[in-house]
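Visitor: A predicted structure for the sequence below; I have some questions about it.
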Amino acid sequence: MSSALREPVTEPSLVRVLRERALEHPERPAYAFLADGEVEEARLTFGELDRRARALGARLQQMGLAGERALLLYPPGLELVSAFLGCLYGGVVAVPAYPPRSPRMLPRLRAIAGDARPAVVLTTADALGQVEALAGRLPEMAGSRWLASGATRRLTPALSPSSNTPRARPRHPRASWSATATCCTTRR
């Protein structure tokens with residue numbers, strides 16, 4: 001066996017890379033949303049993205065959700081990126097799905113929610129009422145808490161002074177702070 005295979009590999013996590021970029025270059029663009037694939041509609045700097053993601057991560061931890069799953073019901077855009085990274089900061093497994101716009105979309109969402117059994121459902125403040133009215137009646141969502149992620153922007157993250165990361169750690173021993181996403185498909 002090669003000696004290179006015996007050495008531990010320390011790879012940076014997505015959260016650590018974002019945090020480093022936010023500290024080194026807070027005003028540099030991190031993400032741009034191209035509404036039609038060509039024209040920039042919105043942009044987030046590393047500093048803004050880090051603040052939003054840390055606020056949501058801290059809120060998820062305050063809710064005791066580290067190690068749990070969150071169903072992310074967002075239209076394409078920068079709020080989805082912030083929410084996904086907020087889940088990573090909070091030690092929560094992100095399960096992204098399109099928000100239902102009509103009852104016809106509920107069977108697919110029901111299958112995803114049935115597989116994931118989310119402890120929390122995240123969506124935009126604008127969509128919360130409509131999405132909760134459609135999806136909140138699904139038995140697979142019973143017991144899930146609902147949170148509009150835009151509301152966390154006003155929160156100050158509870159951070160450990162020494163590490164600059166959210167205080168709580170994931171409850172599950174195999175949960176990590178690296179990029180974790182769960183993709184679900186419907187079965188017929």
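Guide: Great, that's in hand. Residues are numbered from 1 along each chain as shown.
Visitor: in stretch 70-81, which residues are buried?
Guide: By 16 or more other Cβ atoms under 10 Å, the buried positions in stretch 70-81 come out as 70-74, 78-81. Bear in mind the C-beta positions are built from the backbone N, C-alpha and C, glycine included.
Visitor: list the contacts of it.
Guide: Contact partners of stretch 70-81, identified using Cβ atoms under 8 Å, 6 or more residues apart in numbering, comprise 31, 33, 41-44, 49, 60, 83-84, 87, 92-100, 109, 112-113, 116, 118-124, 127, 131, 135, 141, 144, 149-150.
Visitor: quick check: ChimeraX command selecting the buried ones in these.
Guide: Restricted to buried positions by 16+ other Cβ under 10 Å, the ChimeraX selection for the contacts of stretch 70-81 reads:
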select :31,33,44,49,60,83,84,87,92,93,94,95,96,97,99,100,109,112,113,116,118,119,120,121,122,123,124,127,131,135,141,144,149,150
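Visitor: now, which of the contacts of stretch 70-81 lie within strands?
Guide: If you go by DSSP state E, the contacts of stretch 70-81 have 31, 33, 41-44, 93-97, 120-123 in strands.
Visitor: quick one: which of those residues is nearest residue 14?
Guide: residue 94 (11.2 Å; Cβ to Cβ).
Visitor: quick one: the closest one from residue 34, how far?
Guide: From residue 94 across to residue 34, the span is 22 Å (Cβ to Cβ, to the nearest Å).
Visitor: tell me where this structure has helices.
Guide: Along the chain, counting by DSSP state H, helices occupy 3-6, 14-24, 46-62, 78-90, 106-116, 128-135.
Visitor: run the chain-centre distance for the second one.
Guide: Helix 14-24 sits 16 Å away from the centroid of its parent chain (Cα atoms, centre = their mean, to the nearest Å).
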